[in-house]
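> From the sequence below, what's the structure:
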Amino acid sequence: MAWFLMCVAALVGGYFIYGAFIEKIFGINEKRQTPAFTKQDGVDYVPMSNKKVYLVQLLNIAGVGPIFGPIMGALYGPAAMLWIVLGCIFAGAVHDYFSGMLSVRNGGASVPTITGRYLGNGAKHFMNIFAIVLLLLVGVVFVSAPAGMITNLVNEQTGMGMSMTTMVVIIFAYYIIATIVPVDKIIGRFYPLFGALLIFMSVGLITAIAFSSEHSLLGDYEMSQMFTNMNPNDLPLWPALFITIACGAISGFHATQSPLMARCMENEKNGRFVFYGAMIGEGVIALIWCALALSFFGSVDALSDAVANGGPGNVVYSSSIGLLGVFGGIVAFLGVVILPITSGDTAFRSSRLILAEYFNMEQKTLRNRLLMAIPLFVIGGILTQVDFGVIWRYFGFANQSTAVMMLWTASAYLLRHNKLHWVTTVPAIFMTTVCITFILNNSQLGFGLPMMVSTIAGILGALGIASYVIKISKGKGDSELADEEEVKGSTETA
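All right, here's what the predicted structure looks like:
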């Protein structure tokens, strides 16, 4: 219990202390108009209130990642919670803040455009391909996961024998509608309510286990185990844990979502609350599910059995029903199901906008939105036929690699403006090392090289990229790189 409360307190403290430090380094201007006003079009650029933008941002970034990832990460023991805290404060929230605020400063641009601006056209083309691939994988993961969870729930509670294919079609139909209608019609109107439900559900579950007579919140673990690898399958903690938890600590998917709310945020002063704060909120959710997975089953061995018998979805269902009863458990379970659905549609929406930017096609007319969206859904529908486990593994690596690119982009921006770049360069070096080591060592996705060789190559690769980014960015000050606001034609309010 004490370990959990300390972790939550650290996240909250990180928002107020380190978040304020990051905001100061960036240098907000409360008088500068945001893209919500300078590019207002009634479709994607729509001013929305601070609280509404925060809740939508939280729901957009919080798919199954901050639930499934921490559940899988819990197999390594309570050490997973330490990475959630440190990752959120010093990497994930920083990543989300810069991905959102650089979009604000660049007229609501998507991540490939931002990357190209600060790292060159080669990086832009790479990110266009990588971002679309990632978003398609996210869209497919966030169709398959909720479809499977809903199908299992309906069949277990009613015995109807519903087909998962039917549920996939229903969810895809909703995604098509949500992707092309104005952002304030569905996303802006209903997602704040779902965001509030998500928070209420997470708090309700952790409260239930804290006061449970049958379960103890992390009470069966010694403090010394908080820093050890307890994986029952003898899987190495490095670097897999940092890929597995993904959205619960740092996620490149968030870089594709932040521009959606950068187009709706009314003032730059709201950036820390919306972007840094939403990631901290997701970190708390990740902590809750990591603690629930460890506490409800009593040991990592029992948790491993539960995962083996139905994946992380089974852990969600069993713990929800077990802690809150049938009715309360179903409500909590449905709250979890909402998460991937409300991230899947925004994944396809982001894909549409990235393609529209690439082809320079305006999106105010319905015809143009359909031209961009329909091919994405056709490809997504095909990918749903691929095994979910394979899709999830590729999603994890693509997700963290996208985060790496965004962090290097932020470092290039800070270097060009003579600001403290180490706040993004250090996490960029660490996560680059993680990604290179993982792909070189992993025998299923990568090259199956020995861990020592992979790690050394990862470190050298990360340091080499750092040297390159510093070299190409440091000499380009404000005189060579005109202020983003001038380039985008933003104006200051009186």
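
> where does the stretch 1-150 of the chain dip in pLDDT?
63 (pLDDT under 70).

> can you tell me the helix or strand for residue 317?
Here residue 317 sits within helix 311-359, counting by DSSP states H and E.

> avg pLDDT for that helix?
Averaged over helix 311-359, pLDDT sits at 81.

> Also stretch 410-417?
Rounded mean pLDDT across stretch 410-417 is 96.

> buried sites along that stretch?
Across stretch 410-417, burial judged by 16 or more other C-beta atoms under 10 Å covers 410-417. For the C-beta atoms, the positions are set from N, CA and C on the backbone; glycine is no exception.

> Name the nearest of those residues relative to residue 170.
Each of the buried residues of stretch 410-417 was scored against residue 170 by C-beta to C-beta, and residue 410 proved nearest at 38.7 Å.

> Which helix or strand lies directly C-terminal to the helix or strand containing the closest one?
If you go by DSSP H and E, residue 410 is part of helix 388-416. Per DSSP H and E, the first helix or strand lying C-terminal to helix 388-416 is helix 422-441.

> in stretch 128-146, what counts as buried?
128, 130-146.

> can you check stretch 322-338 too?
By neighbour count with 16+ other C-beta under 10 Å, stretch 322-338 contains the buried residues 322-324, 328-338.

> still on that earlier bit, how about the buried residues of stretch 410-417 in a markdown table, adding distance to residue 402?
Formatted as a markdown table, those follow (distance: C-beta to C-beta, whole Å):
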| residue | distance to residue 402 |
| --- | --- |
| 410 | 13 |
| 411 | 15 |
| 412 | 16 |
| 413 | 17 |
| 414 | 19 |
| 415 | 21 |
| 416 | 21 |
| 417 | 23 |
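
> How many residues are close by residue 154?
14 (other C-beta atoms under 10 Å).

> Likewise for the one 4 residues further on?
By other C-beta under 10 Å, 9 other residues sit near residue 158.

> pLDDT score assigned to it?
Looking at residue 158, its pLDDT is 77.

> Also residue 486?
Per the predicted model, pLDDT is 40 at residue 486.

> so what secondary structure elements neighbour the next helix or strand along the chain from the helix holding residue 317?
Scanning forward in sequence from helix 311-359 by DSSP H and E, the next helix or strand is helix 366-383. Contacts defined by 3 or more C-beta pairs under 8 Å, 6 or more residues apart in numbering; DSSP states H and E place helix 366-383 against helix 121-158, helix 164-180, helix 311-359.

> Could you point out which of these sits nearest residue 34?
Residue 34 lies closest to helix 311-359 among those, at 16.7 Å (C-beta to C-beta).

> Tell me if I'm right that residue 116 and residue 123 touch.
Yes: with contacts counted by C-beta atoms under 8 Å, residue 116 reaches residue 123, the gap being 6.0 Å.

> follow-up on the earlier one: just the buried residues of stretch 322-338 now: which is nearest residue 196?
Nearest to residue 196 among the buried residues of stretch 322-338, with distances taken as C-beta to C-beta, is residue 335, at 10.2 Å.

> didn't that closest one look like it was pressed against residue 198?
Yes: Residue 335 lies in contact with residue 198 (C-beta under 8 Å); the separation is 5.9 Å.

> wait, isn't residue 153 in contact with residue 317?
Yes: under the contact definition of C-beta under 8 Å, residue 153 touches residue 317, with a separation of 7.1 Å.

> overlap in contacts of those two?
Common neighbours of residue 153 and residue 317, counting by C-beta atoms under 8 Å, 6 or more residues apart in numbering, are residue 333.

> ok, now which ones touch the closest residue to residue 200 other than its chain neighbours?
Distances taken as C-beta to C-beta, 6 or more residues apart in numbering place residue 335 nearest to residue 200, at 7.8 Å, with adjacent residues excluded. Each residue near residue 335 by C-beta under 8 Å, 6+ apart is listed here: 197-198, 200-201.

> could you redo the last one with a cut-off of 6 Å?
197-198, 201 (C-beta atoms under 6 Å, 6 or more residues apart in numbering).

> May I see the PyMOL selection of the buried members of those?
In PyMOL syntax, the buried subset of those is picked out as below (16+ other C-beta under 10 Å):
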select buried, resi 197+198+201
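
> among the contacts of residue 335, which are in helices?
197-198, 201 (DSSP state H).

> which among those gets closest to residue 359?
The shortest gap between residue 359 and any of those belongs to residue 198, at 34.8 Å (C-beta to C-beta).

> any idea how far the closest one is from residue 243?
To residue 243, residue 198 is 24 Å away according to C-beta to C-beta, to the nearest Å.

> again, but for residue 227
With distances taken as C-beta to C-beta, residue 227 is found 20 Å from residue 243.

> for the record, mean pLDDT for stretch 232-242?
Average pLDDT, stretch 232-242: 84.

> Kindly format the C-alpha coordinates of it as PDB.
The C-alpha trace of stretch 232-242 is given here as PDB (Å, rounded to 0.1, in the frame of the first residue of the first chain):
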ATOM      1  CA  PRO A 232       8.100 -16.500 -13.800                       C
ATOM      2  CA  ASN A 233       9.100 -17.300 -17.400                       C
ATOM      3  CA  ASP A 234      12.700 -16.000 -16.800                       C
ATOM      4  CA  LEU A 235      12.300 -13.300 -19.400                       C
ATOM      5  CA  PRO A 236      15.000 -10.600 -19.100                       C
ATOM      6  CA  LEU A 237      13.800  -7.300 -17.800                       C
ATOM      7  CA  TRP A 238      16.100  -5.400 -20.100                       C
ATOM      8  CA  PRO A 239      15.000  -4.200 -22.600                       C
ATOM      9  CA  ALA A 240      11.700  -5.900 -22.800                       C
ATOM     10  CA  LEU A 241      10.000  -4.200 -19.900                       C
ATOM     11  CA  PHE A 242      10.500  -0.800 -21.600                       C
END
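
> Give me the contacts around that stretch.
Under C-beta under 6 Å, 6+ apart, the answer for stretch 232-242 is 73, 76, 229, 300-301, 304, 434, 437-438.

> Please identify, among those residues, the one with the most neighbours.
For those, counting by other C-beta under 10 Å, the largest number of neighbours falls to residue 73: 29 neighbours.

> just checking, what packs against the helix or strand that residue falls within?
Using DSSP H and E, residue 73 sits in helix 65-73. Applying 3 or more C-beta pairs under 6 Å, 6 or more residues apart in numbering; DSSP states H and E, one finds that helix 65-73 makes contact with helix 240-244, helix 277-297, helix 311-359.

> which of the ones you listed is buried the deepest?
Stretch with highest mean neighbour count among the helices and strands packed on helix 65-73: helix 277-297 (a mean of 26; mean count of other C-beta atoms under 10 Å).

> angle of that helix against helix 311-359?
Put simply, helix 277-297 runs at 160 degrees to helix 311-359, going by axes from the mean of the first three to the mean of the last three C-alpha atoms, to 10 degrees.

> can you list contacts of helix 277-297?
4, 7, 11, 15, 57-58, 61-62, 66-67, 70-71, 74, 80-81, 84, 88, 92-93, 96, 202, 206, 209, 215, 217-218, 248, 303, 306, 315, 319.
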